[in-house]
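Engineer: 3D, please:
(one chain, ligands or ions: 1)
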Amino acid sequence: MRALVVYFSKTGNTKKIAQAIHETIEGEKQLVDLSEQNSPSIENLDVIFLGSPVWFMKLQKTCKKFLEDLPNGLEATIAVFTTHGVPIPEHYEGAFKQARKICKKKNLKLFNQLFTCQGKHEMIPELAKIFPDRVEAAKTSDTHPDDEDLENARIFAIKVIKSIS
Ligand SMILES: Cc1cc2nc3c(=O)[nH]c(=O)nc-3n(C[C@H](O)[C@H](O)[C@H](O)COP(=O)(O)O)c2cc1C
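Structural biologist: As a prediction, the model looks like this:
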């Protein structure tokens, strides 16, 4: 198994999930923070786990660019995971739709299940200006990702790996 776990994480939530996934993988593996290294080697990989925080209901832009820059028809399976602050599908599903659309266009093998969990939302005052009625829901992100989220991420990683081995 040759795996790359690549992520962007402004406030550390997506990084925690990326680390849990990375720890679960047995074999050759690399953990790369896209804010430090924006074009890691993607040669001879079986799987790429891509982790993004949801920003403005979409993939964070560095993560979107990473996906868009992958070569068309790449052999490796792509497994996308996100963290989001607002536990209402309208606030995070757009990121998955975007990932699906990019992978389809580029003929990339996207693992058909995507993983997401809440991550402490650090922009609640900004959210309150646009969606004041969703502030209470967003505050439930304060304790995430928690142990259960990390365990679910490990289960997700195992499923992805089983699907390709
Ligand atoms: C600029 C910005 C935009 C955000 N937009 C959304 C959003 O549209 N929907 C949502 O559920 N959470 C949103 N959030 C919350 C983050 O997705 C969430 O807190 C995530 O866990 C942050 O991950 P990180 O710690 O890895 O950066 C936003 C956060 C920031 C900083």
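Engineer: which parts of this protein sit against the ligand?
Structural biologist: For the chain, the contact set with the ligand under CB under 6 Å from any ligand atom comprises 9-15, 53-57, 83-86, 91-92, 119-123. No exception for glycine: its C-beta is placed from N, CA and C like everyone else's.
Engineer: would you list the buried entries among these?
Structural biologist: 9, 13-15, 53-55, 83-86, 91-92, 119-121 (16 or more other CB atoms under 10 Å).
Engineer: list just the nearest of those to the ligand.
Structural biologist: Sorting these by how near they are to the ligand, with CB to the nearest ligand atom, puts residue 119 at the top with 2.1 Å.
Engineer: for the closest residue to that closest one other than its chain neighbours, give me its contacts.
Structural biologist: Nearest residue to residue 119, sequence neighbours excluded (CB to CB, 6 or more residues apart in numbering): residue 13, at 2.8 Å. Residues in contact with residue 13 (CB atoms under 8 Å, 6 or more residues apart in numbering) are 53, 83, 119-120, 144-145.
Engineer: how near is residue 7 to residue 125?
Structural biologist: Counting by CB to CB, to the nearest Å, the gap between residue 7 and residue 125 amounts to 26 Å.
Engineer: the more surrounded of those two?
Structural biologist: A count of neighbours by other CB atoms under 10 Å puts residue 7 above the other of residue 7 and residue 125, at 29 against 8.
Engineer: now that the more buried one has come up, it's in contact with residue 52, right?
Structural biologist: Yes: look at residue 7 against residue 52 with CB atoms under 8 Å: they come within range, at 7.2 Å.
Engineer: list residues touching both of these two?
Structural biologist: Residues touching both residue 7 and residue 52 comprise 14, 63, with contact defined as CB under 8 Å, 6+ apart.
Engineer: helix, strand, or coil at residue 4?
Structural biologist: Here residue 4 is strand, with the state taken from DSSP: H, G, I helix; E, B strand; the rest coil.
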